[in-house]
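# sequence and computational prediction follow.
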Amino acid sequence: MVSSKARVQRKAQANAPAHTKRKMLSAHLSDELAEKYGRRTARVCEGDTVAIVRGDEDIKGTEGKVVEVFTKTGRVSIDGVTIKQADGTAVARPVHASNLVIVKLNLEDPLRSKILDNKEAAE
């Protein structure tokens, strides 16, 4: 039985093993990519171009490359999305992967492109 309590959900995500947290880093593909590859989601990787579809008005609609992926928290750092610290310096603002849409995939990794092609052939 799965709990409906928010604190139990948060604890389960925080204490999840690495192979489960990896799946939490997936985001929807854009309509063109979803049609091309025959799937709705893909894992967000460094080098992907993403668009922010949910969040504060100052970052919503922003498009940029993924600079860093934080597997532990399920968030990603995007080029050009920053937040000011108390002393005025700008630091990268982590955005949760579920609030993103992948616009362009980074296919430099041959294994990743092979996996995407396999999914396309399977359907």
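Sure, I can see it.

# would you quantify the distance from the residue nearest to the spatial centre of the chain to A42?
Taking CA atoms, centre = their mean, the centroid of the chain lies closest to A97, which sits 3.0 Å from it. Distance, A97 to A42, using CB to CB, to the nearest Å: 10 Å. C-beta here means a position set from N, CA and C on the backbone, and glycine is covered the same way.

# which neighbours do the two share?
Common contact partners of A97 and A42 (CB atoms under 8 Å, 6 or more residues apart in numbering): S26, A27.

# and G55, what's its pLDDT?
Note for G55: predicted pLDDT of 90.

# what separation do you get for it and S113?
Taking CB to CB, one finds G55 at 30 Å from S113.

# what about those two, which has more around it?
Counted by other CB atoms under 10 Å, G55 and S113 do not tie: G55 has more neighbours, with 16 against 13.

# still on that earlier bit, quick one: contacts for the residue nearest to the centre of the chain?
The contact partners of A97, by CB under 8 Å, 6+ apart, come to M24, L25, S26, A27, V44, G74, R75, V76.

# now the buried members of the residues you listed.
Taking 16 or more other CB atoms under 10 Å as the criterion, what is buried in these is L25, S26, A27, V44, G74, R75, V76.

# could you show me where the strands are in the protein, in order?
In the chain, the strands defined using DSSP state E lie at 26-29, 41-43, 49-52, 63-70, 75-84, 90-96, 100-104.
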